[in-house]
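In: Need a 3D model of the sequence below.
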Amino acid sequence: MTTTPDRTLVAVKPLTVPAPGRDVPLQVKVTAPTTGHGLPVVVFSHGNAWSMDGYGPLVDRWAAAGFVVVQPTHLDSRHHGTGFDDPRFPTIWRVRIADLHAVVDHLDDVLAHVPGLPARADTTRVAVVGHSWGGQSAGALLGARVLDADGVPGADFSHPAVRAGALVATTGTGDSLTPFALEHLPFMRPDFSTLTTPVLVVAGDADRSAMSTRGPDWFTDAYHLSPAPRRLLTVVGGEHTLGGLAGEAVRETTDEDPARVALVADAVAAFLHDVLGADPSTWRDLRERAASSATFRIEEESAGAR
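Out: Presented below is the predicted three-dimensional model:
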């Protein structure tokens, strides 16, 4: 059990979620505040090679803000030793999406492992959030699809129980992939035209990916190419881990900045509180701060604006 400035939290792991056909068990971690009722649920999808053991700075801050957070460990995790040369790798993107579906479908069973939590959680208010590859995985449950080599949209993996989401440092369209990405990540061809669930897109304006020939604007495609309602948080100076989302002093972090991590965590929490009907005031406050901030910008387009 850990303590934050706002609430005492409890974390339980590992819990196993039924996932037929998966060659290793699907395990998750649940983090929740020990007080409060009507708590919305966030299912979080990690970036490539990470696991349920990462992203503590995000998860703890969301739980302190009144969310139950469920983190699955996907098949590409370092825990499983899965690299680009693994024969399973070309289909892991589908397994990731199936993982998120399995978690949402079995939320009641998962939460039952935390004493008293089922009575305090509100499983009618479910959101999915993902970072990097996790953003593409989460986006599928929000309505985005994957284009094949001929540009034909693939299957619809949206989930009716998911009411909102956030895509953090999430890859853009596949028309500018580098040769390495084309060879190893051909599924990195999202179509955002069907992403109709309310979404917050978070991008750093200094995030330059080795997977695309474009610059940081690549990570804003989910905002610019999806239908309203959607919102965009641009983090000034933010690189791919946006200050260290996955943890303190981890090797992937090139722009260590706890304040930047707190901004991203609080912005996602404020957005979800707003669109899930819990508390719109925190998003209004953030939007007012953005008007005079030198560290972040906010754009938004509501339904019917087009």
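In: Going along the chain, name the strands of the stretch 151-300 of the chain.
Out: 162-168, 190-191, 199-204, 230-235, 296-301 (DSSP state E, counting those that start in this stretch).
In: now these as a markdown table including mean pLDDT and mean neighbour count?
Out: For glycine as for every other residue, the C-beta is placed from the backbone atoms N, C-alpha and C. A markdown table is the format used below for the strands of the stretch 151-300 of the chain (pLDDT from 0 to 100; neighbours: other Cβ atoms under 10 Å):
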| stretch | mean pLDDT | mean neighbour count |
| --- | --- | --- |
| strand 162-168 | 98 | 27 |
| strand 190-191 | 96 | 23 |
| strand 199-204 | 98 | 28 |
| strand 230-235 | 98 | 24 |
| strand 296-301 | 95 | 17 |
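In: Please identify which of the ones you listed is closest to residue 59.
Out: With Cβ to Cβ as the measure, strand 162-168 is the member of the strands of the stretch 151-300 of the chain nearest residue 59 (12.8 Å).
In: What is the closest one packed up against?
Out: Helices and strands touching strand 162-168, by 3 or more Cβ pairs under 8 Å, 6 or more residues apart in numbering; DSSP states H and E, are strand 121-131, helix 133-142, strand 199-204, helix 258-275.
In: Quick one: closest of the strands of the stretch 151-300 of the chain to residue 258.
Out: strand 230-235 (13.3 Å).
In: measure stretch 115-122 end to end?
Out: Stretch 115-122 has its terminal residues 15 Å apart, counting by Cα to Cα, to the nearest Å.
In: What is the burial count for residue 255?
Out: Residue 255 has 17 neighbouring residues, counting by other Cβ atoms under 10 Å.
In: re the thing from before, what's the closest of the strands of the stretch 151-300 of the chain to residue 71?
Out: Checking the strands of the stretch 151-300 of the chain against residue 71 by Cβ to Cβ gives strand 162-168 as the closest, at 13.9 Å.
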